[in-house]
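Chemist: Task: produce atomic coordinates for the following.
(chains A and B)
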Amino acid sequence: GNSVTQMEGPVTLSEEAFLTINCTYTATGYPSLFWYVQYPGEGLQLLLKATKADDKGSNKGFEATYRKETTSFHLEKGSVQVSDSAVYFCALSDRGYQKVTFGTGTKLQVIP
Amino acid sequence: NAGVTQTPKFQVLKTGQSMTLQCAQDMNHEYMSWYRQDPGMGLRLIHYSVGAGITDQGEVPNGYNVSRSTTEDFPLRLLSAAPSQTSVYFCASSPAGQGNEKLFFGSGTQLSVL
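Modeler: As a prediction, this is how the structure comes out:
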């Protein structure tokens, strides 16, 4: 079956530091890959996505590249802000289905 | 535009009680699903629906029932609550069609079973 593995948190960074959150996946076929973000007390919201190999998703300064050869979709941001503090989930979905598989989430805390 | 609306936001049940978590969306999305979120386990799919009258089981369906009589509503029923069902529950919807796999989430229901 499908699975997503992401780095355990929490991750604590100072403001303006560089962020990487690792994500690898196992899937049959060619899934779409996603990063969702969950702010305290809220539901998840889509941050970015990529639907095929070598695609780069980007949004709000975050980016991730779909690497088929390493089955990875690492999330990066060059300079984090306090407002980026949240839980980040890597996810995948098989083409033609709406069953999305999520990783366990990585909590990011950015301190001033 | 309300999006995905879940009620209630908080609920406390005693073991053996039944209840229904409500979910409604006003975006005319074909797909709807229920997830539970537990510490260290991320989100796990309980049940999903690809359209009115069609439902199917996800990863952790035991102890839960669903039905989809309209496009808008997708209630989740706990028949006999157990402490293991203490969790945060999220409803999500998505439009059909390849390339439309973006999920729209409700704000969640925090359920405690004593």
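
Chemist: Pull the contacting residues for residue B:101.
Modeler: A:32, A:34, A:49, A:93, A:98, A:100, B:94 (C-beta atoms under 8 Å, 6 or more residues apart in numbering or on different chains). The C-beta positions use only the backbone N, C-alpha and C, and glycine is treated the same way.

Chemist: The first one contacts residue A:93, correct?
Modeler: Yes. In this structure, residue A:32 sits in contact with residue A:93. The criterion is C-beta atoms under 8 Å, and the distance is 5.2 Å.

Chemist: and the residue in chain A that chain B sits nearest to, how far is that from residue B:15?
Modeler: Nearest residue of chain A to chain B: residue A:43, at 3.3 Å (C-beta to the nearest C-beta). Distance, residue A:43 to residue B:15, using C-beta to C-beta, to the nearest Å: 27 Å.

Chemist: higher neighbour count, these two?
Modeler: Set residue A:43 next to residue B:15 and count neighbours by other C-beta atoms under 10 Å in any protein chain shown: residue A:43 wins out with 22 against 11.

Chemist: Please name the nearest non-neighbouring residue to that one.
Modeler: Leaving aside its sequence neighbours, residue A:43 sits nearest to residue B:105 (C-beta to C-beta, 6 or more residues apart in numbering or on different chains; 3.3 Å).

Chemist: Does that neighbour touch residue B:92 like I think?
Modeler: Yes. Assessed by C-beta under 8 Å, residue B:105 is found in contact with residue B:92 at 4.8 Å.

Chemist: Which of those two has more residues huddled nearby?
Modeler: residue B:92 (27 against 22).

Chemist: Return the set of buried residues in stretch B:79-93.
Modeler: Neighbour counts over stretch B:79-93 (16 or more other C-beta atoms under 10 Å in any protein chain shown) mark B:81, B:85, B:86, B:87, B:89, B:90, B:91, B:92, B:93 as buried.

Chemist: Skip the chain neighbours and tell me the closest residue to residue A:10.
Modeler: Of all residues not flanking residue A:10 in the chain, residue A:107 sits nearest, at 4.1 Å (C-beta to C-beta, 6+ apart).

Chemist: Which neighbours in the sheet does the helix or strand hosting that neighbour have, and how are they oriented?
Modeler: If you go by DSSP states H and E, residue A:107 is part of strand A:106-111. If you go by DSSP bridges, strand A:106-111 pairs up with strand A:11-14 (parallel), strand A:86-93 (antiparallel).
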